[in-house]
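> Structure of the sequence below:
(chains A, B, C and D)
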Protein chains: 2
Amino acid sequence: MDKELATHAAEVLKAVAHPLRLMIVETLQDGERSVGEIMDALGEKQAITSQQLNLLKDKGVLASRREGAKVFYHIQNLNVIRVLDCVYDHCTPKKRTRQ
Amino acid sequence: MDKELATHAAEVLKAVAHPLRLMIVETLQDGERSVGEIMDALGEKQAITSQQLNLLKDKGVLASRREGAKVFYHIQNLNVIRVLDCVYDHCTPKKRTRQ
DNA sequence: CCGATATATAGTAGTATTGCTATATTATGG
DNA sequence: CCATAATATAGCAATACTACTATATATCGG
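Residues are numbered from 1 along each chain as shown, chains lettered A, B, ... in the order given. Just a heads-up that it's a prediction; the model follows:
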């Protein structure tokens, strides 16, 4: 792994390495959700949720789609789901999500 | 995933989400290495290498063993290797390290 | 156009991270 | 004990991140 590759990989990991952002990605594993739905699911304030969503979008982890007044976010970089799997296995070794 | 779990998971991810630290973990995939060996492998300065090694050790990612004047580090949290795999697949989809 | 709802952004204080230099610690050989 | 090699730590400036409040933008129903 050269430095450039490592830098890019680190940026993606850093995007996910945050409690709220981790939970956002988890919530979106089942499919897209509106900002309001995500807010409610995580019990977070509107501004903070929106900020983190935008950050994840900036880093290419998520993508969004507007439908009327609502904006729906979904996972764009599918590899983060695999990272989540690692996290799950690490924290709760019994509950593996893949074989 | 509750907040506490997410916080812990985020901390582990954060520990690895850094170019140099990512390369350190990669270097140690084959087994333990002394600080000097790691330094040389990555072409980094002594102080910085030592700092990042200590950080990784603090977060439980690595562990160390002293042998005379040298200190050998190795991977303690094996899940980070799986995270590395995700990173590999993400950056170079052709070169999968697992099936 | 107006009010209401949904989402985004600006500005900001507190805190954490990073990379650096200089210095300290630990162990070895003589 | 001394000089040297190997590693760790202190201290610091620059930068980045976080959480927050306030405000702005966008869309819809009427």
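> what's the helix or strand for the closest residue in space to residue A:21 that isn't next to it in sequence?
Nearest residue to residue A:21 in three dimensions, chain neighbours excluded: residue A:52, at 5.2 Å (C-beta to C-beta, 6 or more residues apart in numbering or on different chains). Just so you know, the C-beta spots here come from the backbone N, C-alpha and C atoms, and that holds for glycine as well. Element membership for residue A:52 (DSSP states H and E) is helix A:46-58.
> list the buried ones in that helix?
For helix A:46-58, burial by neighbour count (16 or more other C-beta atoms under 10 Å in any protein chain shown) applies to A:49, A:52, A:53, A:55, A:56.
> These: which ones sit near DNA strand C?
Filtering the buried residues of helix A:46-58 for neighbours of DNA strand C using C-beta under 7 Å from any atom of the strand leaves residue A:53.
> Let me have the buried residues of helix A:46-58 in a markdown table, adding pLDDT as columns.
Listed next are the buried residues of helix A:46-58 as a markdown table, based on pLDDT from 0 to 100:
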| residue | pLDDT |
| --- | --- |
| A:49 | 98 |
| A:52 | 98 |
| A:53 | 98 |
| A:55 | 98 |
| A:56 | 98 |
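> and stretch A:23-34, is it in reach of DNA strand C?
Yes: residues of stretch A:23-34 contacting DNA strand C under C-beta under 7 Å from any atom of the strand: residue A:34.
> Do that stretch and chain B come into contact?
Yes: contact of stretch A:23-34 with chain B is found when judged by C-beta under 8 Å from any C-beta of the partner chain, involving A:23, A:26.
> which stretch of helix or strand covers the spatially most central residue of chain A?
Residue closest to the average C-alpha location in chain A (C-alpha atoms, centre = their mean): residue A:25, at 2.7 Å. In this assignment (DSSP H and E), residue A:25 forms part of helix A:19-27.
> Just the C-alpha atoms of that helix, please, in PDB.
Presented in PDB, the C-alpha positions along helix A:19-27 are these (Å, rounded to 0.1, in the frame of the first residue of the first chain):
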ATOM      1  CA  PRO A  19     -20.600   7.100  16.700                       C
ATOM      2  CA  LEU A  20     -23.400   9.000  15.000                       C
ATOM      3  CA  ARG A  21     -22.100   8.500  11.500                       C
ATOM      4  CA  LEU A  22     -21.700   4.800  12.200                       C
ATOM      5  CA  MET A  23     -25.300   4.600  13.400                       C
ATOM      6  CA  ILE A  24     -26.400   6.500  10.300                       C
ATOM      7  CA  VAL A  25     -24.700   4.000   8.000                       C
ATOM      8  CA  GLU A  26     -26.300   1.200  10.000                       C
ATOM      9  CA  THR A  27     -29.800   2.700   9.700                       C
END
